[in-house]
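>>> Any chance you can model this:
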Amino acid sequence: MKENIKLFLKSLISNNAAIDGARKKPWYAAVIIFFIGIILSVIPTSVMELKNHADKNFDSNTFGLREASYEFANKIKETPDNIFYVAREGKTGSLVANEADINFTTSNNFVFRYVFNEHAQEKINEHVGANQSYVIFTENTVYISVLDPNSPDGNKPKARFACIDAYKKLERNDLRDLLRDGSTLTEKVNNTWDNFKGVIRKLYRQTRLKTTAVQLGISSAINVGVTLIMGFMVWVLTRGKNNPYRLFTVWQCFATGFWAAFTPGLLTVGLGFLIKNFASMIFPLLLGVRVMWLTMKSLRPDGSGYAAN
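Residues are numbered from 1 along each chain as shown. From the prediction side, this is the model:
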């Protein structure tokens, strides 16, 4: 056990140790190292996606949604309490309302309305054509699109997203009780806005989780594919007729790529959070460099690198 750990730690920087591990250790050791390396490689992109809350779109500029949310909160208070509420259904919820009851345009041209699912796209197209920002509620989805009224290209959304299974984390009257008090009008608006942002975060939760899962799947598939390609490269580069490493089996070549993948995965965890915009590219780049270095230094055609036996 002690020797296995020593070999594994040595393989983090030693190409020869990585090759030894691939050739002399059980097949499942390479598979375990491979999967751990892949898991490490997708941590930065997954964590960043999980932190991508919808309300962050409005941290620097609300584009009028703050004031509109206050007007909407006041308007909802005037509606009967037997409409526009969340009906709990086990672990999820749905919004109960009538299309005719919730259709409100604020003083700054924001539209808040409720429509049935089958009418959602039609109404979205209607408001897009009219260059209006909107918050459209349906039975289980919320569509939000916010334009910048002061922008020359005012018809281009500054924030646009859909919240699927939107009401899963909402209580019955969360959408009815948006209004917050304060000593001044500005304080009332700001307090209501803070509450509305919290509701947006809850509405977007399921979309955020689904987006993270999709991103995780894509990143994992890419990194697995790159690792397999690197293993195939090792096999191709050792197939020369007089190559002393021709004795490597197909599995040993792929296992070499698996053992070599752990260090790039580990480095990706650190570098991914430092270089966020390129987090998804770090693992393929580092693994390519590692395998290139391994083949050029340890698997030279003249046999002067790794001592094959």
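>>> can you give me the strands for the stretch 51-200 of the chain?
With DSSP state E, counting those that start in this stretch as the criterion, the stretch 51-200 of the chain has strands at 85-89, 92-96, 103-105, 110-114, 133-137, 142-147, 157-163.
>>> Could you dump the ones you listed into a markdown table with mean pLDDT added?
Listed next are the strands of the stretch 51-200 of the chain as a markdown table, based on pLDDT from 0 to 100:
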| stretch | mean pLDDT |
| --- | --- |
| strand 85-89 | 87 |
| strand 92-96 | 89 |
| strand 103-105 | 91 |
| strand 110-114 | 93 |
| strand 133-137 | 94 |
| strand 142-147 | 93 |
| strand 157-163 | 88 |
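>>> got these as a markdown table, with distance to V214 columns?
To be clear about C-beta, it is placed using only N, CA and C from the backbone, and glycine gets the same treatment. As requested, the strands of the stretch 51-200 of the chain are arranged in a markdown table below (distance: least, CB to CB, whole Å):
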| stretch | distance to V214 |
| --- | --- |
| strand 85-89 | 25 |
| strand 92-96 | 20 |
| strand 103-105 | 33 |
| strand 110-114 | 28 |
| strand 133-137 | 23 |
| strand 142-147 | 19 |
| strand 157-163 | 14 |
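>>> Could you export these to a markdown table, including columns for mean neighbour count?
Formatted as a markdown table, the strands of the stretch 51-200 of the chain follow (neighbours: other CB atoms under 10 Å):
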| stretch | mean neighbour count |
| --- | --- |
| strand 85-89 | 16 |
| strand 92-96 | 18 |
| strand 103-105 | 16 |
| strand 110-114 | 22 |
| strand 133-137 | 23 |
| strand 142-147 | 22 |
| strand 157-163 | 18 |
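>>> looking at these, which is closest to K169?
strand 92-96 (8.4 Å; CB to CB).
>>> could you dump the closest one to PDB, C-alpha only?
Extracted C-alpha coordinates of strand 92-96, given in PDB (Å, rounded to 0.1, in the frame of the first residue of the first chain):
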ATOM      1  CA  THR A  92     -43.300  21.400  -6.300                       C
ATOM      2  CA  GLY A  93     -45.900  24.100  -6.900                       C
ATOM      3  CA  SER A  94     -47.900  25.800  -9.500                       C
ATOM      4  CA  LEU A  95     -49.300  29.400  -9.800                       C
ATOM      5  CA  VAL A  96     -53.000  29.800  -9.600                       C
END
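>>> Does anything pack onto that strand? Which helices or strands?
Contacts defined by 3 or more CB pairs under 8 Å, 6 or more residues apart in numbering; DSSP states H and E place strand 92-96 against strand 85-89.
>>> show me the contacts for V189.
Contact partners of V189, counting by CB atoms under 8 Å, 6 or more residues apart in numbering, are R66, E67, Y70, G182.
>>> show me what contacts the first one?
For R66, the contacting residues are F58, V189, N190, W193, F196, by CB under 8 Å, 6+ apart.
>>> cutoff 7 Å now
Residues in contact with R66 (CB atoms under 7 Å, 6 or more residues apart in numbering) are V189, W193.
>>> Now do it, the pLDDT please.
Per-residue confidence (pLDDT) for R66: 93.
>>> separation between it and W251?
As judged by CB to CB, to the nearest Å, R66 and W251 stand 61 Å apart.
>>> One more: the last one?
Using CB to CB, we find G182 at a distance of 69 Å from W251.
>>> Repeat that for the second one.
Applying CB to CB, one obtains 65 Å for the distance of E67 from W251.
>>> repeat for the third one
In this view, Y70 and W251 are 65 Å apart by CB to CB.
>>> Mind checking which of the two has more residues around it?
Neighbours were counted for Y70 and for W251 using other CB atoms under 10 Å; Y70 has more, 22 against 15.
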